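Undergrad: coords below, sequence missing:
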């Protein structure tokens, strides 16, 4: 089953588009594994700023490899961001004007392990050097990415490498079946019941999930429910909170609002306003979330 066809997660600002950020879908062969490539279309001048720029980061059930090239200092840094189960504001204070660019690969949470070199049991909320789990990818791609002039060139470089290094032998049947059931159930299932349906113990299911994603299936389920809720809030012309309470198994309206604020740090109304700031283009509603 191609999980990307039933579930397409989004960030807090899915319409953002400009000289520092744009999202590009991957080649068809990589779509089951890669949510998107993102970064700056070309190197650009990042201006000195008197105050830090803030970006809201919410749990998007993805993991990112991010390469930041600084042409003023003639260096490139590669970092890995594991799966988040929290929301926070990322701050960047630009102390001087520099020529820079960014290139990133955004993996689905269930597919990252197929490109990593080891277990992902420690990646929850991680911000580490890309070499920690992707040393070969980092070593072989950094120079080519630094020398490439456009985002399109960088995507081509990354796609060739990724297509040649998919570790299908690392795909765990139980892990993928559990992830599929959680996604199709919109994160509402009882985990003990799900373990019974899959004829495994809850302990086994949790162990496999932590090795392959870094979080428990229960935590992943709660993040998936939040993502479906967030997309209802953003894309539905008329969001009905009581309807959402029933659809996603919340006790009442207060339970839904508190849970959403826990993952998004603001109310649904404020979240929608934030997402529609600095709109470069309006992308189509993701498939599979009706």
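TA: Cool, the structure landed. Quantities reported herein were computed from a predicted structural model and do not represent experimental measurements.

Undergrad: let me see the contact set for residue 108.
TA: Shown in contact with residue 108 (C-beta atoms under 8 Å, 6 or more residues apart in numbering): 3-4, 9, 32-35, 61-62. Quick note: C-beta positions are derived from backbone N, CA and C, even for glycine.

Undergrad: for the residue nearest to residue 25 when sequence neighbours are not counted, give me phi and psi.
TA: The shortest distance from residue 25 to any non-neighbouring residue, by C-beta to C-beta, 6 or more residues apart in numbering, is to residue 36 (5.7 Å). Residue 36 adopts backbone torsions of phi -170, psi 170, taken as degrees, to the nearest 10.

Undergrad: next, count neighbours for residue 36.
TA: 18 (other C-beta atoms under 10 Å).

Undergrad: go on, the one 4 residues further on?
TA: If you count neighbours by other C-beta under 10 Å, residue 40 ends up with 22.

Undergrad: repeat for residue 158
TA: 25.

Undergrad: can you check the pLDDT for it?
TA: Listed pLDDT for residue 158 reads 98.

Undergrad: let me know the next secondary structure element after the helix or strand hosting it.
TA: Secondary structure assignment for residue 158, by DSSP states H and E: helix 151-164. The C-terminal neighbour of helix 151-164 among helices and strands, as given by DSSP H and E, is helix 173-184.

Undergrad: that following helix: which residues count as buried?
TA: Neighbour counts over helix 173-184 (16 or more other C-beta atoms under 10 Å) mark 174-180, 182-183 as buried.

Undergrad: cool, stretch 182-197 as well?
TA: 182-183, 185-187, 189, 191, 194-195.

Undergrad: cool, and stretch 87-102?
TA: 87, 100-102.

Undergrad: go on, stretch 126-140?
TA: Here stretch 126-140 shows 126, 130-134, 137-138 as buried, counting by 16+ other C-beta under 10 Å.

Undergrad: okay, and the beta partners of the spatially most central residue of the chain?
TA: In the chain, the centroid-proximal residue (C-alpha atoms, centre = their mean) is residue 62; its distance is 2.6 Å. Beta-bridge partners of residue 62, counted by DSSP bridges, are residue 108.

Undergrad: what packs against the helix ranked longest in the chain?
TA: Using DSSP state H to define each element, the chain has its longest helix at helix 217-235. If you count contacts as 3 or more C-beta pairs under 8 Å, 6 or more residues apart in numbering; DSSP states H and E, helix 217-235 packs onto helix 173-184, helix 191-197, helix 202-213, helix 241-247, helix 253-264, helix 268-275.

Undergrad: show me what counts as buried in the fourth one.
TA: Buried positions in helix 241-247, judged by neighbour count with 16+ other C-beta under 10 Å: 241, 244-245, 247.

Undergrad: re the thing from before, which of the buried residues of stretch 87-102 lies closest to residue 18?
TA: residue 102 (11.9 Å; C-beta to C-beta).

Undergrad: and the closest one, which helix or strand is it part of?
TA: Here residue 102, judged by DSSP H and E, is contained in strand 98-108.

Undergrad: give the contact list for residue 21.
TA: Residue 21 touches 38-40, 102, counting by C-beta under 8 Å, 6+ apart.

Undergrad: roughly how far apart are it and residue 222?
TA: When distance is defined by C-beta to C-beta, to the nearest Å, residue 21 is 28 Å away from residue 222.

Undergrad: check residue 25 too.
TA: The value you get for residue 25 to residue 222, if C-beta to C-beta is used, is 27 Å.

Undergrad: neighbour count for the two, which is higher?
TA: Per other C-beta under 10 Å, whichever of residue 25 and residue 222 has more neighbours is residue 222, with 20 against 12.

Undergrad: if we ignore the residues flanking it in sequence, what's nearest the more buried one?
TA: residue 187 (6.3 Å).

Undergrad: and residue 132, how far is that from residue 257?
TA: On the measure of C-beta to C-beta, residue 132 and residue 257 end up 37 Å apart.

Undergrad: from the contacts of residue 21, which is closest to residue 269?
TA: Nearest member of these to residue 269, counting by C-beta to C-beta, is residue 38, at 26.8 Å.

Undergrad: next structured bit after the strand or helix carrying the closest one?
TA: Counting by DSSP H and E, the element that carries residue 38 is strand 34-39. Following strand 34-39 in sequence order, the next helix or strand is strand 44-46 (DSSP H and E).

Undergrad: what average pLDDT does stretch 251-269 get?
TA: 97.
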